[in-house]
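**Q** turn this into a model:
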Amino acid sequence: MSYLEVHTVSKAFGGIQALNACSLGIERGRITGLIGPNGSGKTTLFNVITGYERPDDGQVWFNGAAITNSAPDAVFGLGIGRTFQMSRIFSRLTVLENMHVPVPRRGGLGILRSWTSAREQRQALELLDFVGLIPLKDVPAENLSYGQKKLLEFACVLVAEPQVILLDEPAGGVNPTMINYLAGHIRQLNRRGITFLVVEHNMEFVMGLCDTVFVMHRGTTIAGGTPAEVRNNPAVLEAYLGD
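**A** Predicted structure coming up:
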């Protein structure tokens, strides 16, 4: 069994079948990409894995244990962190204050608190330095650029020292310099043992970063392999170019 495994997961919203017996396996210590046309079910799959949506059928496994239907807080507590397509940060808090806030944030979760230890505060500052935001630590998050907001959300996820990080379109709307900067940080964290699953539309980013790439179309996986294998797969070309 893979480190993080999705087995025949299905999810419908009314008459729309977002996921249709979707399966894939993520190996420990690797950077895995997940690509596919708009509406293919990638974000819905992320939501099912992290507990924001309940599947109609199928199972999700992490490190040998079933986590299907676990709440987001429980999934997060197991060591799975994630980002979102639209960065979920608190705009009126400063960059450093955002690092106080537990992740994931939903409903009433995410109340600003004081540091519980000097180590916690030091870790937050080190992570902001890691992503290049330490000069902006006292700046309101609403004043950050789009790319800087993505970096702040990334740093917030890292506070909990997750074993697996799911990145939902980290390069979307970000300039090429920031994309290269982010890719370097992902590689560095991966060398430290963090496993990544990355949803992204930027093919150059995915193919240059990932060890393995899965392709989704119409709610299910239609291909998987190395970037070179996926790039040359006729089914992938058909999915992107249309039937």
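**Q** ok now stretch 145-157, how far from the chain's centre?
**A** 12 Å (CA atoms, centre = their mean, to the nearest Å).
**Q** quick one: contacts of it?
**A** 81-84, 87-89, 95, 98-99, 101, 103, 127-128, 130-133, 136, 141, 144, 165, 167, 170, 173-175, 178, 182, 185 (CB atoms under 8 Å, 6 or more residues apart in numbering). C-beta here means a position set from N, CA and C on the backbone, and glycine is covered the same way.
**Q** likewise stretch 80-90?
**A** 4, 43, 46, 49-50, 62, 97-98, 101, 103-105, 110, 141, 149-150, 152-154, 156-158, 160, 162-170, 172.
**Q** now do 7 Å
**A** For stretch 80-90, the external contacting residues (CB atoms under 7 Å, 6 or more residues apart in numbering) are 43, 46, 50, 62, 98, 101, 103, 105, 141, 149-150, 152-154, 157, 160, 162, 164-170, 172.
**Q** and if you look at stretch 33-49?
**A** So stretch 33-49 is contacted by 6, 9, 11, 18-19, 22, 53, 55, 60, 82, 85, 166, 168, 197-200, 206, 210, 213-219, 239-240 (CB under 7 Å, 6+ apart).
**Q** buried residues in that stretch?
**A** 33-36, 40-49 (16 or more other CB atoms under 10 Å).
**Q** which neighbouring elements make contact with the helix ranked longest in the chain?
**A** If you go by DSSP state H, the chain has its longest helix at helix 176-191. Secondary-structure packing of helix 176-191 (3 or more CB pairs under 7 Å, 6 or more residues apart in numbering; DSSP states H and E): helix 203-209.
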